[in-house]
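# Pasting the sequence and the predicted coordinates here, then a few questions.
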Amino acid sequence: MKNIVLAIALSVSVVFSAFSSELIYTPINPSFGGNPLNGNFLLGKAQSQNTHKAPINRKSYAEKFQESLERAYINKMVREITDLSFNEACDPSVDTSCDPSIFNEDSIFMSGDYEIQIITSGSDSITVQITHIGTGEITIIEVPRFG
């Protein structure tokens, strides 16, 4: 009886071994050769486990308005300096935002921690001096005049 059970077990193991194959490792992560369709699934899992939240800095309407005005004025200064450096005279009758006398004398603009001074005394260049009020650090930009 023991031989019969052993013979049946041996024959069953031989039959099932014919249907088996070797195990092959397949990576899951597409970065390491896995299926590219797993990318969205893995990203969703990682984002759901992320507990870090970026700080939200909400600004009041007055702060947003002040920043917008400063940005608009700085853009106008850059445009005027560019026009002066290329000797492109502005015509107030054509462009109502144009002010040809904006840089006839030295101009100073305060923006937050910075003081921007435009010096037009040189005939061959325009000098812009930016001073950080807190640290006293000074940056000087010279824009050559062409023409």
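Ah, there it is.

# pLDDT of stretch 71-85, averaged?
Mean per-residue pLDDT for stretch 71-85: 81.

# And stretch 3-23, by the same measure?
71.

# Buried residues in the longest helix seen in the chain, which are they?
If you go by DSSP state H, the chain has its longest helix at helix 61-85. Using 16 or more other Cβ atoms under 10 Å as the burial criterion, the residues of helix 61-85 that qualify are Met77, Glu80, Ile81, Asp83, Leu84. Bear in mind the C-beta positions are built from the backbone N, C-alpha and C, glycine included.

# For His52, state which of these is nearest.
Met77 (39.6 Å; Cβ to Cβ).

# Touching, that closest one and Gln117? I think so.
No. Between Met77 and Gln117 there is no contact under Cβ atoms under 8 Å: 11.0 Å.

# any chance you could map the strands in the chain?
Along the chain, the stretches classed as strands by DSSP state E are 107-111, 114-119, 125-132, 138-144.

# any weak-confidence spans in this protein?
Applying pLDDT under 70 to the chain flags residues 12-20, 87-106, 121-122, 147.

# At the geometric centre of it, which residue sits there?
Ala54 (14.8 Å; Cα atoms, centre = their mean).

# Now for that one: which residues touch it?
For Ala54, the contact set (Cβ atoms under 8 Å, 6 or more residues apart in numbering) is empty.

# Ile116 and His132 touch, don't they?
No. Between Ile116 and His132 no contact is recorded; they are 10.8 Å apart, counting by Cβ under 8 Å.

# returning to what we had before: could I get the strands of the chain as TSV with distance to Gln49 and mean neighbour count?
Rendered in TSV, the data for the strands of the chain read as follows (distance: least, Cβ to Cβ, whole Å; neighbours: other Cβ atoms under 10 Å):
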stretch	distance to Gln49	mean neighbour count
strand 107-111	42	13
strand 114-119	42	17
strand 125-132	42	16
strand 138-144	45	12
